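**Q** how does the following fold in three dimensions:
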Amino acid sequence: MFTRRAALMGGAMIAASPYIAKNISVAQAATTPTATAEEIAALPRRKQKLIAPPFVHEHEQVATTGPTVVQFEMTIIEKEVQIADDVYLQAMTYNGSMPGPMMVVHEGDYVELTLYNPPENLLQHNIDFHAATGALGGGGLTLVNPGEKTVLRFKATRPGTFVYHCAPGGPMIPWHVVSGMSGALMVLPRDGLKDHEDKPVSYDRIFYIGENDFYIPKDEDGEYMRFEDPGEAYSDTLEVMNGLIPSHVTFNGKVGALTGDGALKAEQGEKVLFVHSQANRDSRPHLIGGHGDLVWELGKFNNAPDRDLETWFIRGGSAGAALYEFLQPGVYAYVNHNLIEAVNLGATAHVVVGGTWDNDLMEQVVAPTEYDVAHEGRTALP
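**A** Coordinates of the predicted model:
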């Protein structure tokens with residue numbers, strides 16, 4: 001019987017087949033003076049469990065050992081996700097979260113990922129690491145059908161923040177990405193971050209904010225449609241996608257995911273590193289009431305950071321980092337400063353900061369009060 005599942009599987013294979021790379025051994029690839037297979041095998045190995053964003057797994061900011069093979073595991077999960085009131089997405093995810101978990105290693109480490117595609121899934125998936133060196137970022141070497149797993153290892157040669165995403169080939173690529181399949185990897189310099197004067201800098205907290213643009217179709221009555229599985233959603237979703245106008249733009253997979261009970265928490269005097277990724281569209285992060293003390297707008301730590309930015313720019317398909325020391329308590333809004341997308345479509349997060357108010361930085365000199373419009377409302381202007 002020819003089923004929707006079979007059609008989608010076949011289409012994905014055809015779309016991806018020109019890009020599937022052949023497996024070669026590490027020894028064959030070692031044509032330049034780099035580590036041999038034996039040298040890599042002799043390196044210490046460390047298993048690292050991933051956690052869901054906006055949080056990031058424990059890690060050293062300055063490496064205390066030599067290069068390590070850091071082992072991660074991720075499972076691809078296809079599931080329905082509620083992204084707003086009465087709005088549902090047939091999502092494709094890494095480890096069940098949108099964005100996928102952030103991985104942190106140091107320059108010179110090896111990232112070794114075991115990627116699982118459970119048999120209950122309908123589609124082929126893979127992973128393209130923008131941090132990796134090699135055709136398709138490993139996408140051709142990680143293409144897995146439902147019920148398969150694969151292991152990819154690559155050397156982290158460039159420090160910075162990088163996007164990863166699913167790229168199974170052809171029209172499947174944008175569909176999988178805007179259905180939730182993206183995340184970030186941060187490669188720290190072995191001696192840690194440096195400021196604009198090349199002095200060491202550290203952070204007390206780190207938050208990972210993954211921005212998603214979603215394209216949810218509406219029916220003839222203007223109501224958002226709901227589907228039984230990703231295959232059923234594809235045709236209608238594709239039509240909305242090709243219009244290039246998202247129905248929702250969210251942080252971490254849902255309108256309000258990082259507000260209310262999900263708001264980020266910090267304390268006065270803490271330095272917080274915000275890592276922001278957008279795998280598909282440009283974004284303009286802005287911290288209302290704060291600044292980017294140090295901003296690696298391009299996300300690459302070999303470049304000196306910019307200072308004192310009010311808003312920074314994240315290009316589609318990239319991740320950036322911004323460090324800010326909170327000087328005042330209160331509720332800060334972290335937004336995409338396309339304010340239509342922030343307020344109307346969902347790209348807003350809150351940071352709740354505890355501490356003691358400093359009137360030198362800001363003070364309400366006169367509380368709101370009524371005034372005599374006929375007299376006190378006049379100005380010196382003609």
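**Q** low pLDDT regions in the chain?
**A** 1-33, 373-382 (pLDDT under 70).
**Q** contact partners for Glu325?
**A** The contact partners of Glu325, taken as Cβ atoms under 8 Å, 6 or more residues apart in numbering, are Gly269, Glu270, Lys271, Val272, Asp293. Glycine gets a C-beta too; all of them are placed from N, C-alpha and C.
**Q** now these as TSV including distance to Met181 and neighbour count?
**A** Listed next are these as TSV, based on distance: Cβ to Cβ, whole Å; neighbours: other Cβ atoms under 10 Å:
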residue	distance to Met181	neighbour count
Gly269	38	11
Glu270	32	16
Lys271	31	17
Val272	27	22
Asp293	32	18
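**Q** mind putting those in CSV, distance to Gly354 and secondary structure included?
**A** Formatted as CSV, these follow (distance: Cβ to Cβ, whole Å; DSSP: H, G, I helix; E, B strand; the rest coil):
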residue, distance to Gly354, secondary structure
Gly269, 10, coil
Glu270, 10, coil
Lys271, 15, strand
Val272, 13, strand
Asp293, 19, strand
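**Q** who does the longest strand seen in the chain pair up with?
**A** In the chain, taking DSSP state E as the definition, the longest strand is strand 69-84. If you go by DSSP bridges, strand 69-84 pairs up with strand 45-47 (parallel), strand 87-94 (antiparallel), strand 110-117 (parallel).
**Q** give me whichever of these is most buried.
**A** Of all the strands paired with strand 69-84, strand 87-94 has the most neighbours on average by mean count of other Cβ atoms under 10 Å, namely a mean of 23.
**Q** tell me how many other residues crowd the nearest residue to Arg284 once chain neighbours are set aside.
**A** The shortest distance from Arg284 to any non-neighbouring residue, by Cβ to Cβ, 6 or more residues apart in numbering, is to His337 (4.3 Å). Here the number of neighbours of His337 (other Cβ atoms under 10 Å) works out to 17.
**Q** for the one 5 residues further on, same thing?
**A** Applying other Cβ under 10 Å, we find 21 other residues in the vicinity of Ala342.
**Q** doesn't it belong to a helix?
**A** Yes: checked against DSSP: H, G, I helix; E, B strand; the rest coil, Ala342 lies within a helix.
**Q** roughly how far apart are Gly192 and Leu309?
**A** To Leu309, Gly192 is 21 Å away according to Cβ to Cβ, to the nearest Å.
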